[in-house]
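Asks: sequence plus predicted model, see below.
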There are 2 protein chains.
Amino acid sequence: MEHDQQQPEQSHEREQRTSASSAQSPATTTGGRPHRAGKRAPVIKDVAALADVSVSTVSRYLNDSPKLSEESRARIAHAIALLDYRPSRVARGLVNSAVQSIAVLSSNTTLYGSAMTIQGVEDEARVSGYPVTIAKLDGGSTATLRSSVNMVMDLNPGGVVVLNYDAAAREALAMLPDSVAKVAIAGDPVEGMAELDQIDLCENQAGRELTEHLLGLGHRSVVHVTIPGGGGGYSRTAGWEAALRAAGRPVPDVLHCTWDPKDARAIGRELARGDVPTAVFAGNDEIAMGLIRGLNDEGVRVPDDVSVVGFDDHPLAEVWSPALTTARQDFAAAGRRAARLLVERLEARSRGDDLPSRHVELPGELVIRDSAAAPRATSLG
Amino acid sequence: MEHDQQQPEQSHEREQRTSASSAQSPATTTGGRPHRAGKRAPVIKDVAALADVSVSTVSRYLNDSPKLSEESRARIAHAIALLDYRPSRVARGLVNSAVQSIAVLSSNTTLYGSAMTIQGVEDEARVSGYPVTIAKLDGGSTATLRSSVNMVMDLNPGGVVVLNYDAAAREALAMLPDSVAKVAIAGDPVEGMAELDQIDLCENQAGRELTEHLLGLGHRSVVHVTIPGGGGGYSRTAGWEAALRAAGRPVPDVLHCTWDPKDARAIGRELARGDVPTAVFAGNDEIAMGLIRGLNDEGVRVPDDVSVVGFDDHPLAEVWSPALTTARQDFAAAGRRAARLLVERLEARSRGDDLPSRHVELPGELVIRDSAAAPRATSLG
């Protein structure tokens, strides 16, 4: 925490402008601060008022525009010195500055996994003194996706974290320039992309372990209800299928759900009315909760009649009745690690070093609670 | 959605640099794009390679540094023209650009209300072509808070949205310079702050209505379990107290909970073991779920033995068993409205107009479901 408190302060030390027009001497600018009676730092408007020019004229001065009379230039320089005005990094041109920002690209920012990952990036980035910019990807079309990527890239971030949880994120990752430092969290491994580190949440392995857990309890097969965009060889869905195939069990069709637990509830009701499975692996905990509620609506009990397991270990998974058996994913740790990988890469660059692509595994953890049990005797017979 | 797809595209139209060194003619830069065979846009590294100078030399060129030989200057100008390189807005100096960013300050980014509000800001800002920067406030001390505010202010955002949900956010709001366009969402009204618009979620009114609903069912009083930082005259807690006082009923001590539903579960167990109330108003839906689970742990049924109502209308509130009676808050609408207010203020500024402070009310909506009922006859007698 000491680090946390000191680093950002250091990043606000005065920096000298390197451009031609910063003609005032350091002795003047670090002088008596005559106009700083209040707590408010002087802003560009104050400089404009004192120099009796418009804000946009001061802005032109700060960006060394040639469209400026020598007289205005002198008046603005004097006002800046009197006010001890410190132009922001952006006004000075961030390219010359040591501090850059970290951008996060994500299709969703409110779902538990995404929100926790972003919070992890923020927590770690703040410790290192980097501000964080979030871009919610608009996957409506390639054009809308590109404009949401461009909007954040125009801010010239030092590095980018992609929450590689769906197809839109994968496409956005491919749009990023080679030169930008990147970290992809989750998803299938990406080959041949420069300046890219990857964090593997090992969903495949956790999906396999959850399915094996259900088979170990005596279930003959497991139905899977997937989250949107939950495909790919490294997904939880792939792990489910691999476990069934390895055990020589039938692989039922995957059922598709939205992110809305109410839709999962409707699927639960349908399952209850049809050929009720003995075990269901839901793509995440909210879907598991919706499924259980839908099964209950039709008088089917969990785990007595059907076992239901979730994924992620959502804060409500333990509080739900029955408490959910699930696979814990440490999204916050993934976000923190992603920010650290980026910072390491940026620091290496500033020393002139190139880092190789790194691959970090953050395996989940099976959490056994009350929503899965052995199948009823009648199901076994 | 049409608007959504077109606006960001427009914001990426070519802009002419205004500085002295952009000597190449428009005819050359918009010409044949000889080096753009691949899909990748040229980056600063490509310019450096073609001009046979370092990246930092190109960066100095882009920022009109005087520390550059005429020969390098000419070579870089030629490379930029050949590659049709388009420096990012930051490289050109954002101050001269029409596009600015919107910053969001929030103590938390993962809780349902905060995450939905931020998503609303993002959705609306993207339509208007503004990137969004999120700063998670570090409320550890005034110093850490100030550095988290400074970090985002150094990016020179066009406007700031403060999720005014707790004490740290209130303090951060007070740190913002007068000159910056600001919107505060929720919290008590702020007087005398320049360039500030406020969005009132009318929590007070919703808290009062929920409490009146419980009194109307026949409950003599209502116990309140509050969320962290849930004070202030305009809070849900204030509405609860006002309703009890208006009805001449006893006002029990407020019980304090964290954001963690497991802690609410512990409070539910304690309530069940002691002098069980007939009605509880939980500060949010997750706390209501935890309370209900804790009451159930001890054999106390909801709503048969105790009525429990929540707040917010979380996506799982309807799926929970019993489905929660709650007050819906449209956080996404608040976020969208905040972004619109900021954009209006920024556009007014660019016309040279000043807008007065605006106050927008977004009242919640009572949602009656199954978790509250009339008290049992024994409680009435």
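Replies: Right, received. Where do you want to start? This one's a predicted model, so the numbers in the text were calculated from it and none came from an experiment.

Asks: quick one, what contacts the closest residue in space to A:A181 that isn't next to it in sequence?
Replies: Distances taken as C-beta to C-beta, 6 or more residues apart in numbering or on different chains place A:G159 nearest to A:A181, at 3.8 Å, with adjacent residues excluded. C-betas here are computed from N, CA, C, even on glycine. Taking C-beta atoms under 8 Å, 6 or more residues apart in numbering or on different chains, we find A:G159 in contact with A:100, A:102-103, A:180-183, A:342-343, A:345-346.

Asks: any idea how many residues pack against A:L316?
Replies: 23 (other C-beta atoms under 10 Å in any protein chain shown).

Asks: the nearest residue to it once chain neighbours are set aside: neighbour count?
Replies: In space, and not counting its chain neighbours, A:L316 is closest to B:P261: 5.8 Å by C-beta to C-beta, 6+ apart. Residues near B:P261, counting by other C-beta under 10 Å, number 28.

Asks: so A:A184 sits in a strand?
Replies: Yes. According to DSSP: H, G, I helix; E, B strand; the rest coil, A:A184 belongs to a strand.

Asks: isn't it up against A:I199?
Replies: Yes. Counting by C-beta atoms under 8 Å, A:A184 touches A:I199, with 7.2 Å between them.

Asks: from B:T57, how far out is the residue in the stretch 151-300 of chain A positioned nearest to chain B?
Replies: With C-beta to the nearest C-beta, the shortest gap between the stretch 151-300 of chain A and chain B falls at A:N156, namely 3.7 Å. Per C-beta to C-beta, to the nearest Å, A:N156 is found 17 Å from B:T57.

Asks: also A:I44?
Replies: Distance from A:I44 to B:T57, by C-beta to C-beta: 29 Å.

Asks: how about residues contacting the longest helix seen in chain A?
Replies: Taking DSSP state H as the criterion, chain A has its longest helix at helix A:331-350. By C-beta under 8 Å, 6+ apart, the surrounding residues in contact with helix A:331-350 are A:98, A:100, A:102, A:112-114, A:116-125, A:128, A:130, A:158-161, A:181, A:183, A:185-186, A:195, A:197, A:199, A:201, A:312, A:354-355, A:358, A:360, A:362.

Asks: out of the residues you listed, which are inside helices?
Replies: Reading helices off these with DSSP H, I get A:112-114, A:116-125.

Asks: ok, and which of those residues reach chain B?
Replies: Filtering the ones in helices among the contacts of helix A:331-350 for neighbours of chain B using C-beta under 8 Å from any C-beta of the partner chain leaves A:112, A:116, A:118-119, A:122-123.

Asks: which residues does the residue nearest to A:A181 bridge with?
Replies: Applying DSSP bridges to A:G159 gives these bridge partners: A:I102, A:A181.

Asks: what about A:V47, which helix or strand?
Replies: helix A:44-51 (DSSP states H and E).

Asks: that helix: which residues count as buried?
Replies: A:44, A:46-48, A:50-51 (16 or more other C-beta atoms under 10 Å in any protein chain shown).

Asks: touching chain B at all, that helix?
Replies: Yes. Counting by C-beta under 8 Å from any C-beta, chain B has neighbours in helix A:44-51: A:44-45.

Asks: buried residues, the next helix or strand after that helix. List them.
Replies: On the C-terminal side of helix A:44-51, the closest following helix or strand by DSSP H and E is helix A:55-62. Burial within helix A:55-62, assessed by neighbour count using 16+ other C-beta under 10 Å, is assigned to A:55, A:57-62.

Asks: nearest to chain B, of those?
Replies: Nearest to chain B among the buried residues of helix A:55-62: A:S59, at 4.4 Å, using C-beta to the nearest C-beta.

Asks: and the closest one, what pLDDT?
Replies: Here, the pLDDT recorded for A:S59 equals 76.

Asks: can I assume it is in contact with A:I44?
Replies: Yes. Taking contacts as C-beta under 8 Å, A:S59 lies within contact range of A:I44: 6.8 Å.

Asks: quick one: mean pLDDT over stretch A:305-322.
Replies: For stretch A:305-322, mean pLDDT rounds to 97.

Asks: next one: that stretch to chain centre, how far?
Replies: Computed by C-alpha atoms, centre = their mean, to the nearest Å, the chain-centroid distance of stretch A:305-322 equals 24 Å.

Asks: from the centre of chain A, give me the residue that's furthest out.
Replies: Here the centre of chain A is the reference, and by C-alpha atoms, centre = their mean the most remote residue is A:E71, at 49.1 Å.

Asks: now do the helix or strand containing that one: which elements does it pack against?
Replies: A:E71 belongs to helix A:70-83 when assigned by DSSP H and E. With contacts defined as 3 or more C-beta pairs under 8 Å, 6 or more residues apart in numbering or on different chains; DSSP states H and E, the packing partners of helix A:70-83 are helix A:26-29, helix A:44-51, helix A:55-62.

Asks: which of those sits closest to B:D275?
Replies: B:D275 lies closest, by C-beta to C-beta, to one member of the helices and strands packed on helix A:70-83: helix A:44-51, at 60.2 Å.

Asks: can you pull out the residues in contact with that closest one?
Replies: A:35, A:54-55, A:57-59, A:62, A:72, A:75-76, A:78-80, A:82-83, A:85, A:87, A:91, B:179.

Asks: for A:T326, see how far away A:V300 is.
Replies: Using C-beta to C-beta, A:V300 is found at 20 Å from A:T326.

Asks: center of chain A, which residue is that?
Replies: Taking C-alpha atoms, centre = their mean, the centroid of chain A lies closest to A:I118, which sits 3.8 Å from it.

Asks: ok, and the closest non-adjacent residue to it?
Replies: Setting aside the residues directly before and after it, A:I118 is nearest to A:V104 in space (C-beta to C-beta, 6+ apart), at 5.6 Å.

Asks: tell me which element that neighbour falls in.
Replies: Here A:V104 is assigned to strand A:102-106, by DSSP H and E.

Asks: circling back to that earlier point, out of the contacts of helix A:44-51, which are buried?
Replies: Counted by 16+ other C-beta under 10 Å, those give A:55, A:57-59, A:62, A:72, A:75-76, A:79-80, A:82-83, A:85, A:87, A:91, B:179 as buried.

Asks: ok, back up a step: where does the residue nearest to A:A181 land on pLDDT?
Replies: Per-residue pLDDT puts A:G159 at 94.

Asks: ok, now A:F281?
Replies: 98.

Asks: give the contact list for A:L137.
Replies: Here A:L137 is in contact with A:105-107, A:145, A:148-149, A:168-169, A:172 (criterion: C-beta under 8 Å, 6+ apart).

Asks: distance of it from B:A125?
Replies: 14 Å.

Asks: low-confidence ranges in the stretch 151-300 of chain A?
Replies: A:230-231 (pLDDT under 70).

Asks: still on that earlier bit, just the buried residues out of the contacts of helix A:331-350, in ChimeraX syntax.
Replies: Buried residues among the contacts of helix A:331-350 (16+ other C-beta under 10 Å), as a ChimeraX selection:
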select /A:100,102,112,113,114,116,117,118,119,120,121,122,123,124,125,128,130,158,159,160,161,181,183,185,186,195,197,199,201,312,360,362
